[in-house]
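J.: Got a sequence here, can you model it:
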Amino acid sequence: MSPKFHLAFPVNNLELTREFYTKILGCTLGRESGEWIDFNFYGHQVVAHLSPEDCKIPKTNPVDGDHVPARHFGVILSGDQWEELYEKIKNYGVEFLIEPRKRFRNNPGEHRTFFIQDPSENVLEFKSFKNNSDIFIK
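T.: Okay, the predicted model is just below:
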């Protein structure tokens with residue numbers, strides 16, 4: 001088995017979180033309790049823990065003309081997957097925190113990106129690189 005990523009994050013409402021991650025992002029459910037829910041997030045385990053006091057709007061840093069939230073997570077998708085998710089999110093009426101755009105245009109590491117927030121204001125970024133070999137380029 002190839003390594004799988006695990007991430008735990010705070011939420012303020014488990015039912016709204018379940019709806020967002022399953023209906024909008026297409027995650028499937030794993031184990032759960034009254035305090036947490038496991039999601040299959042593109043083959044990786046992310047766990048929403050009920051912890052309202054830890055849900056805070058993250059600070060931002062400047063990146064290629066945007067104010068990118070310092071605390072965020074997401075996945076790198078193929079071009080087709082990125083387009084499909086973009087359309088789904090747009091059709092659900094989810095507001096983009098950072099609108100879809102190309103970052104580092106015509107430079108190494110060029111990619112398409114957009115940012116959204118879940119119901120607890122956790123920030124998610126979805127990327128698609130022009131060349132996957134540029135993901136870790138300096």
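J.: Please count neighbours and contacts with C-alpha atoms only from this point.
T.: OK.
J.: Would you map out the domains in this structure?
T.: The record's domain split for the chain, according to automatic domain parsing, is 6-54, 60-134.
J.: end to end, how far does the longest one reach?
T.: Across domain 60-134, the straight-line distance between its terminal residues is 24 Å, by Cα to Cα, to the nearest Å.
J.: And for stretch 12-21?
T.: Distance across stretch 12-21, first residue to last, is 14 Å (Cα to Cα).
J.: Which residues does it contact?
T.: Surrounding stretch 12-21, the residues in contact under the criterion Cα atoms under 8 Å, 6 or more residues apart in numbering are 11, 27, 35-37, 39, 48-53, 55, 118-120.
J.: Can you go through those and name the buried ones?
T.: Those of the contacts of stretch 12-21 that meet the buried threshold are 11, 27, 36, 37, 39, 48, 49, 50, 51, 119, 120, by 16 or more other Cα atoms under 10 Å.
J.: Now the closest residue to the third one other than its chain neighbours: which helix or strand?
T.: When you say that, I think you mean residue 36. Beyond its immediate neighbours in the sequence, the residue positioned closest to residue 36 (Cα to Cα, 6 or more residues apart in numbering) is residue 49, lying 4.3 Å away. Counting by DSSP states H and E, the element that carries residue 49 is strand 44-50.
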